[in-house]
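S.K.: pasting the structure only:
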């Protein structure tokens, strides 16, 4: 397996508009976290208005079902290293991590998590913004085995052991 050697992408891509989070997506993420027996989650996001709104919606929905939000961590799209944010996110006393975009900042933050922390993709849930093939490709799906998430319509997806993205049948 290739090793991530730097969080910085060699050439940050030009991406389209960042999607907002839907109620179905948030509900599905809460269901996924509950199905895994989580009691506490750490929520991470970029700093765009859409990403911060998504993080707040996830945290609010999680708390509404009696869950605890162990940490809310945001990161910039560009940074020198993302180390401080990565350490704070990975070290949160949480059963699961939940992340949202935008794509480029999420990819660089995830590369930092892989390079510098004990973060594990299989303990992470993600929004549709992160589950887009273009976002996953920025990190490399072979580094993201076990990452799961929800699409905007509430259906699920996960990164299989061979790096393929597998869609979950509708609920």
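M.R.: Received it, and whenever you're ready, just let me know what you need. Not measured: the values here are computed from a predicted model.

S.K.: who's in contact with the most centrally placed residue in the chain?
M.R.: Nearest to the geometric centre of the chain sits residue 99, at 2.6 Å (CA atoms, centre = their mean). Counting by CB atoms under 8 Å, 6 or more residues apart in numbering, residue 99 touches 43, 44, 45, 106, 110, 124, 125, 126, 127, 130. For the C-beta atoms, the positions are set from N, CA and C on the backbone; glycine is no exception.

S.K.: And the residues you listed, which of them are buried?
M.R.: By neighbour count, with 16 or more other CB atoms under 10 Å, the contacts of residue 99 hold 43, 44, 45, 106, 110, 124, 125, 126, 127, 130 as buried.

S.K.: Now do the SS call for the fifth one.
M.R.: Of the three states, residue 110 takes helix under DSSP: H, G, I helix; E, B strand; the rest coil.

S.K.: One more: the last one?
M.R.: The three-state label for residue 130, taken from three-state DSSP, comes out as helix.

S.K.: Enumerate every residue touching it.
M.R.: Counting by CB under 8 Å, 6+ apart, residue 130 has contacts 99, 100, 101, 103, 106, 136, 149.

S.K.: one step back: which pair in the contacts of residue 99 has the greatest spatial separation?
M.R.: Spatial extent of the contacts of residue 99 (CB to CB) is set by the pair 43 and 110 at 14.7 Å.

S.K.: Backbone dihedrals for the closest residue to residue 167 other than its chain neighbours, please?
M.R.: Nearest residue to residue 167 in three dimensions, chain neighbours excluded: residue 157, at 5.3 Å (CB to CB, 6 or more residues apart in numbering). Residue 157 has phi and psi values of phi -150, psi 160 when expressed as degrees, to the nearest 10.

S.K.: Now do the contacts for residue 157.
M.R.: Contacts of residue 157 (CB under 8 Å, 6+ apart): 131, 148, 149, 150, 151, 165, 166, 167, 168.

S.K.: could these be laid out in TSV, adding pLDDT?
M.R.: Below are the contacts of residue 157 laid out as TSV (pLDDT from 0 to 100):
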residue	pLDDT
131	91
148	97
149	97
150	97
151	95
165	88
166	90
167	85
168	82
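
S.K.: is it possible to export those residues to a markdown table including neighbour count and distance to residue 64?
M.R.: Listed next are the contacts of residue 157 as a markdown table, based on neighbours: other CB atoms under 10 Å; distance: CB to CB, whole Å:
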| residue | neighbour count | distance to residue 64 |
| --- | --- | --- |
| 131 | 25 | 23 |
| 148 | 23 | 21 |
| 149 | 27 | 20 |
| 150 | 26 | 17 |
| 151 | 19 | 21 |
| 165 | 16 | 29 |
| 166 | 12 | 29 |
| 167 | 11 | 27 |
| 168 | 16 | 23 |
